[in-house]
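Engineer: fold the following, please.
(2 chains)
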Amino acid sequence: MGNDIKNKGIGGINKVSKTNEIKPTNEVSEVSEVDAVSGIQKVSQVSAVNGVTGVRSRHNTRIITLEEREALFKMINEEADDIFGKNSKRGNIAKEAVKMAIDAAIIKED
Amino acid sequence: MVQNSEDIMTLSIEDANQLVVDNQKWAESIAKSVAHAWSLDWKIDGLDGAALEALIFCSRRFNPNLQIPFKAYARKRIHEAAQEAARKSKGWAISRKKDPEGHKAKEISQELLKQYPELMNGELILNSDTDSQENQKPLTGAEQEKATRLVLREMLLGADIIASKQELTQENVNPDEILEAKRMICAIALLEVIHQQLLWSIYWEGLSLRSLADEWQTDELNVIREHKILLEWLTKYSKNSKKVLLPKIRPGLRPIALKMKKNNVVGKFTELVKEVDNYGK
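Structural biologist: This next block holds a predicted model:
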């Protein structure tokens, strides 16, 4: 029978190697040392991209800059002409008022 | 930092003074912007002093624990102080006599700054057309232009309503202007009570859309979008009154509308039209 086993390519039975000790289930393993807590990093200031109020993240905002002034004024003229008609006195007053409000929003820092 | 008697953290006097020194030129820029917008002189008309006072005031009250940049905290306050100084200045009084139409535009623009307070922070809030969550996605260039035009249209229409209000309360007004103002008031008086109250609160009482939403204890988007619809309706109505249906109340505002109905609230513009019609009778 041993020869049969050899001929069929079945390897021998290895010796039983030493098994690890089975620890009882209620034994608690060693707890490794807790690493020191790393220092709190300085939080950088939040940049005022969208302003201060809490609801701001729900809105898309357009920052008004000096470079955009001409484009915004052009839109104001076009929209006012569409709403009030060209050369309308009411339209001209409304146009000027909106332009002033936009101008007051633009800070030209030196 | 210092803890004051109200348990609010503020800066030490030295740090507060340093903030003033660091930001003085910036505060002056705000004063100059306001002066430029209203064709005033920022020094002669006293805007420089007002801006500096507001800067000092803010530096003393700034709480660095709030994690808000100082400029974001102070900008609106400095802006308001500069505007206040402008209104009280000699230049303002002179422009009322020398250029009544230009001065009218100045007064209207002041009201617009109250209704769109984000302008004082140098920005425009662009609202989506839809009621979906699209507000949270950044806009493409074309979408941003469309949204900007919508806000500018609202501001133009708002300016026209403010002009009507001023015409009704001022003396020596052109009869054509009175007639235009009355047409506007009569149109608004056709609207639902809640819609009238919305326009009254914003344009007659000077509340911002956000303040009104707080007062009504509703989401500000309900008020913002309803306001937009009302202005669009006013535009269409003024062009062709016969074909335009009255706007419906959005679901978010219906509970408030029902409460007004229960309390027998009468529309402010309905009352105003009655007053005008009964004048002298």
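
Engineer: which parts of the stretch 101-250 of chain B are strands?
Structural biologist: B:123-126 (DSSP state E, counting those that start in this stretch).

Engineer: show me where it has its helices.
Structural biologist: Ranges of helices in the stretch 101-250 of chain B, per DSSP state H, counting those that start in this stretch, are B:141-169, B:175-188, B:193-199, B:209-216, B:220-239.

Engineer: any weak-confidence spans in chain A?
Structural biologist: Residues of chain A meeting the criterion pLDDT under 70: A:1-59, A:109-110.

Engineer: if we use 80, what do you get?
Structural biologist: Residue ranges of chain A with pLDDT under 80: A:1-60, A:108-110.

Engineer: show the contacting residues for B:V20.
Structural biologist: B:L52, B:L55, B:I56, B:S59 (CB atoms under 8 Å, 6 or more residues apart in numbering or on different chains). (Glycine included, C-beta is placed from N, CA and C.)

Engineer: no, scratch that, I was asking about B:G206
Structural biologist: Listed by CB under 8 Å, 6+ apart, the contact set of B:G206 reads B:E111, B:K114, B:Q115.

Engineer: ok, now B:V273?
Structural biologist: B:I185, B:C186, B:A189 are the contacts of B:V273 under CB under 8 Å, 6+ apart.

Engineer: which among the residues you listed gets closest to chain A?
Structural biologist: Checking those against chain A with CB to the nearest CB, the nearest one is B:I185 at 14.4 Å.

Engineer: surely that closest one meets B:L168?
Structural biologist: Yes. B:I185 lies in contact with B:L168 (CB atoms under 8 Å); the separation is 7.3 Å.

Engineer: more neighbours, the two?
Structural biologist: Remark: of B:I185 and B:L168, B:I185 carries more neighbours, 20 against 17, as counted by other CB atoms under 10 Å in any protein chain shown.

Engineer: ok, that one - contacts?
Structural biologist: B:S164, B:L168, B:F269, B:L272, B:V273, B:V276.

Engineer: any chance of the contacts of B:V273 in TSV with pLDDT as columns?
Structural biologist: Output for those, formatted as TSV (pLDDT from 0 to 100):
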residue	pLDDT
B:I185	89
B:C186	90
B:A189	94
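
Engineer: so for the closest residue to B:D214 other than its chain neighbours, what's the pLDDT?
Structural biologist: Take B:D214 and drop its neighbours on the chain: the residue closest to it by CB to CB, 6 or more residues apart in numbering or on different chains is B:E220, 7.9 Å away. As predicted, B:E220 sits at a pLDDT of 89.

Engineer: share the number of residues neighbouring B:E220, please.
Structural biologist: By other CB under 10 Å, the residues close to B:E220 number 20.

Engineer: ok, now A:N60?
Structural biologist: Neighbour tally, A:N60, other CB under 10 Å: 20.

Engineer: chain neighbours aside, what residue packs nearest to it?
Structural biologist: Per CB to CB, 6+ apart, closest to A:N60 is B:L126, 4.6 Å.

Engineer: ok so, going back, ok, and which of the helices of the stretch 101-250 of chain B has the densest surroundings?
Structural biologist: helix B:193-199 (a mean of 22; mean count of other CB atoms under 10 Å in any protein chain shown).

Engineer: and the residue lying closest to A:G85 once chain neighbours are set aside, how far from B:K32?
Structural biologist: Once flanking residues are discounted, A:G85 sits nearest to A:G91: 6.6 Å by CB to CB, 6+ apart. Using CB to CB, to the nearest Å, A:G91 is found at 29 Å from B:K32.
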